[in-house]
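>>> Quick one: sequence and predicted model below, then my questions.
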4 protein chains.
Amino acid sequence: MNEGKLKAINKLKTARGQMDGIIRMLEDDRYCVDISTQILSVIGLLKKANIDILNSHLRSCVASAILEGEEQGQEKIDEIINIIDKYIK
Amino acid sequence: MNEGKLKAINKLKTARGQMDGIIRMLEDDRYCVDISTQILSVIGLLKKANIDILNSHLRSCVASAILEGEEQGQEKIDEIINIIDKYIK
Amino acid sequence: MNEGKLKAINKLKTARGQMDGIIRMLEDDRYCVDISTQILSVIGLLKKANIDILNSHLRSCVASAILEGEEQGQEKIDEIINIIDKYIK
Amino acid sequence: MNEGKLKAINKLKTARGQMDGIIRMLEDDRYCVDISTQILSVIGLLKKANIDILNSHLRSCVASAILEGEEQGQEKIDEIINIIDKYIK
């Protein structure tokens, strides 16, 4: 497992713990704005985990494909632009 | 518990299940772009849960505060604008 | 014109000026990352202009509708939740 | 000028025209939700222009840097990850 995936797995485990907390907040009928704030915090953590993964992906898979040949490089660039587009949109 | 919170709790439980799946994908060293796509799906679900909560909050707390008086209304509107701003930014 | 619209108009005029600058940067074939950074700055300004508008809208139209009656209030809340959803998504 | 920049310049010129329209809508004191919807449309166009630029940047500058050597590649990847992070956040 590469370094980006290791970082991502730690963030995702933290995020899962936060989600358990949010579900408890909902079950305890806590204040809406506090729940909304906690959901935003989990989303922020998931976005950071995604950046770790994309960073590793560029450094490993995409860079290797570019070194293999133009066609292989184009294919991997198309793929990563497609996922970045979905995140930004 | 209001209807929005009930809807949100179901979405959050689904999202938690998806997170368990993503953590397993990372542990199995699955392909980065597939993991990134799954993270995006969880983020989408969390955003929808948040909309359920904000919707209920507007219909109940904010509407009640507006009916109570101008000052109470302003306070709740400030609070919800503040959280919407953080989500949009 | 309400206060939120006045604030928004100033931000939009600044954003339009920035857009002229970005188009010149592109015509001068400037560095991609610098152009991307400038586009992000305009997007940030447009989001702030939108918050000004939604803030005024909640304080004026939505609050008035809630004071008019339950049905009128629900209609305006549906409408604003729909636009917030599109921004957050 | 590369193809991505040409595409981006067309989108930015359209967006500038839309911004002129939104400023007129504000000056005419048009309905808030309609203005907010138009702002969202401009933001969408700016995000698409940015994707055009990042796409070209990956295909030209980043790919060339990776072919030049590991250090040059890392530097360009750091730079593009940094800007993607700001857009996603």
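That came through fine.

>>> which regions of chain A lie under the pLDDT threshold?
Under the criterion pLDDT under 70, no range of chain A is flagged.

>>> Now do the helices for it: every range, in order, please.
Ranges of helices in chain A, per DSSP state H, are A:3-27, A:32-57, A:63-68, A:70-88.

>>> Flag every buried residue along the third one.
This points to helix A:63-68. Judged by neighbour count using 16 or more other Cβ atoms under 10 Å in any protein chain shown, the buried positions of helix A:63-68 are A:63, A:65-66. Just so you know, the C-beta spots here come from the backbone N, C-alpha and C atoms, and that holds for glycine as well.

>>> Check the last one too.
Going by neighbour count (16+ other Cβ under 10 Å), the buried part of helix A:70-88 is A:73, A:76-77, A:79-81, A:83-84, A:87-88.

>>> Other residues contacting that helix?
A:47, A:50, A:54, A:57-58, A:61-62, A:65-67, B:33, B:36-37, B:40, D:47, D:50-51, D:54-55, D:58-59, D:63, D:84, D:87-88 (Cβ atoms under 8 Å, 6 or more residues apart in numbering or on different chains).

>>> redo that, cut-off 7 Å
For helix A:70-88, the external contacting residues (Cβ atoms under 7 Å, 6 or more residues apart in numbering or on different chains) are A:50, A:54, A:57-58, A:61-62, A:65-66, B:33, B:36-37, B:40, D:47, D:51, D:54-55, D:58-59, D:63, D:84, D:87-88.

>>> Please apply the same query to stretch A:17-32.
A:34-35, A:38-39, A:41-42, B:1, B:5, B:8-9, B:12-13, B:15-16, B:19, B:53, B:56-57, B:61.

>>> Please check these and keep the buried ones.
A:35, A:38-39, A:42, B:5, B:8-9, B:12, B:15-16, B:19, B:53, B:56-57, B:61.

>>> Could you work out the most separated pair of those residues?
Across those, no pair lies farther apart than B:M19 and B:C61, at 29.1 Å, counting by Cβ to Cβ.

>>> Work out which residue lies at the spatial centre of chain A.
Nearest to the mean C-alpha position of chain A, counting by Cα atoms, centre = their mean, stands A:N50 at 1.9 Å.

>>> now that residue: how far from chain B?
Separation of A:N50 from chain B (Cβ to the nearest Cβ, to the nearest Å) stands at 5 Å.

>>> Over to A:D52?
A:D52 is 10 Å from chain B, by Cβ to the nearest Cβ.

>>> need the contact list for that residue.
A:4, A:7-8.

>>> Return the member of those residues nearest to chain D.
Chain D lies nearest to A:G4 out of these, by Cβ to the nearest Cβ, at 10.1 Å.

>>> Report the contact partners of that closest one.
Contacts of A:G4 (Cβ under 7 Å, 6+ apart): A:52-53, A:55-56.

>>> Output those residues in a markdown table; the columns should cover distance to B:R24.
Putting the contacts of A:G4 into a markdown table (distance: Cβ to Cβ, whole Å) gives the following:
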| residue | distance to B:R24 |
| --- | --- |
| A:D52 | 17 |
| A:I53 | 15 |
| A:N55 | 21 |
| A:S56 | 18 |
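
>>> okay if I get the helices of chain A as JSON lines plus distance to B:L26?
As requested, the helices of chain A are arranged in JSON lines below (distance: least, Cβ to Cβ, whole Å):
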{"stretch": "helix A:3-27", "distance to B:L26": "5"}
{"stretch": "helix A:32-57", "distance to B:L26": "8"}
{"stretch": "helix A:63-68", "distance to B:L26": "20"}
{"stretch": "helix A:70-88", "distance to B:L26": "16"}
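
>>> gap between stretch A:9-21 and the chain center?
Put simply, stretch A:9-21 sits 12 Å off its chain's centre (Cα atoms, centre = their mean, to the nearest Å).

>>> Then stretch A:11-26?
How far stretch A:11-26 lies from its chain's middle: 16 Å, per Cα atoms, centre = their mean.

>>> Sweet, I'm off.
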